[in-house]
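> Predicted model and sequence follow; I will ask about them next.
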Amino acid sequence: MTHRRAVALMVLVTLLWSIAGVVTRLLDAAAAFEVTFWRSAFNALALAVLLSWLRGPRALLHTLRTGGPALWLSGLCWSVMFTAFMVALTLTTVANVLVTMAVAPLFTALAARAALGHRLAARTWAAIAVAGAGIAWMYGRDVSAAGGTHVLGVVVALAVPVAAAVNWTLLQGLRQRARGDAAPPPDMLPAVLVGAVLSAAATLPLSLPFAATAHDVGWLALLGVVQLAVPCLLAVSAARVLSAPEVSLLALLEVVFGVAWAWLGAGEAPSSTVLAGGALVLAALIAHELLALRRPASPARDSAAARTGFPRGEDAARGADSVP
């Protein structure tokens, strides 16, 4: 795959990721946990088929049996991300959820600093400060004024970047250990399947009795397969060509696309406060990635870039994955 094609593929991936918000606004009767159940169930089914085709059924089952605690901890993190994302979308606006999720790379950088001792560049600390100011502006003025449901939605949405930070830090630790042992890193892509199964199992009791119409189930099947399973695997291919900063920068298009879909497709126009705070967050992340791209390429620096905590780089994609 050429670099240009990898960039185009990553743009397509973010476009597919971004449809979740507008699709949830098109549902007739499905409630928060039922929405999550159907999406996760269809995601699990699609991933089981796709991974069996890519890995082979026996190899996939062998990985699931021998993956150990790391595979299941990563799967638990995926489960939290899948569940919290969809529940948050039913509680607050698409813009609030997506901008909250956009801070996942910065949370991961902090987690890697605390757990693995990775040093953070000055630009990362600056990005954290500016993005934090943007979040505070959004939630201090707009969300709190909108009422308790929006506040709860933001709190639930924050579980996504927190779980992502734990997940990526775990994967980074596994890769470091593999490099030290001169061994290939473990195959953690099946952890996404584990997360989908755990999410569906956890939300099934809370979804009963089902209220979703056939119309709802059709849209949620689209989310499970087209919005989640397929782009996760496409991102793996793209991220093997693109650098970690490039993929992280392109992944920010999910926020832009998602807000635009909700605005155009569901009439959910973001407030001026959300636009201002979200612009601060995106500007901080974009500046961080552009500064990273300007650094001269070298193996040592490429390794350092991969350790900054941004989740959708080459090694992280091999291990799991956006996105959300």
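Looks like it came in fine.
> Pull out the buried residues from stretch 46-64.
For stretch 46-64, burial by neighbour count (16 or more other C-beta atoms under 10 Å) applies to 46-48, 50-51, 55, 60, 63-64. For every residue, glycine as well, the C-beta is placed using N, CA and C.
> State the pair within those that is farthest apart.
The distance between the two most remote of these (C-beta to C-beta) is 17.6 Å, for A46 and T63.
> right, and V87 touches A32 too?
Yes: because the distance of 4.7 Å satisfies C-beta atoms under 8 Å, V87 is recorded as touching A32.
> what stretches of this structure score poorly on pLDDT?
Applying pLDDT under 70 to the chain flags the ranges 138-148, 182-183, 239, 243-249, 293, 295-324.
> Which secondary structure state does A212 sit in?
coil (DSSP: H, G, I helix; E, B strand; the rest coil).
> nearest residue to it other than its sequence neighbours?
Closest residue to A212 apart from its sequence neighbours, by C-beta to C-beta, 6 or more residues apart in numbering: A30 at 3.9 Å.
> can you tell me which residues contact that neighbour?
38, 211-213, 216, 220 (C-beta atoms under 8 Å, 6 or more residues apart in numbering).
> make it 10 Å
Taking C-beta atoms under 10 Å, 6 or more residues apart in numbering, we find A30 in contact with 24, 36-39, 90, 207, 210-213, 215-217, 219-220.
> Which ones among those lie within helices?
Assigned to helices by DSSP state H, the following of these qualify: 24, 36-39, 207, 215-217, 219-220.
> Produce a ChimeraX select command limited to the buried residues of these.
Buried residues within the ones in helices among the contacts of A30, by 16+ other C-beta under 10 Å, are selected in ChimeraX with:
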select :24,36,37,38,39,207,216,217,219,220
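> thinking again about what came up before, Provide the backbone phi and psi angles at the residue nearest to A212.
phi -60, psi 130 (degrees, to the nearest 10).
> What of P205?
Main-chain dihedrals, P205, degrees, to the nearest 10: phi -60, psi -30.
> so how many other residues sit close to it?
For P205, the neighbour count with other C-beta atoms under 10 Å is 9.
> show me the contacts for it.
P205 neighbours (C-beta under 10 Å, 6+ apart): 33, 37.
> downstream neighbour of the one helix or strand A262 maps to in the secondary structure list?
According to DSSP states H and E, A262 maps onto helix 253-266. Beyond helix 253-266 on the C-terminal side, the first helix or strand identified by DSSP H and E is helix 272-293.
> Flag every buried residue along that next one.
273-275, 277-278, 280-282, 284-285, 288-289, 291-292.
> Which residues are in contact with each of V87 and A32?
Counting by C-beta under 10 Å, 6+ apart, the contacts common to V87 and A32 are 153, 156, 203, 206.
> quick one: buried residues of the helix or strand hosting the third one?
So the one you mean is T203. For T203, the element it lies in under DSSP H and E is helix 190-207. Using 16+ other C-beta under 10 Å as the test for burial, helix 190-207 gives 190-200, 202-204, 207.
> Which of those residues sits closest to S74?
Distance to S74 across the buried residues of helix 190-207 (C-beta to C-beta) is lowest for A191, with 3.8 Å.
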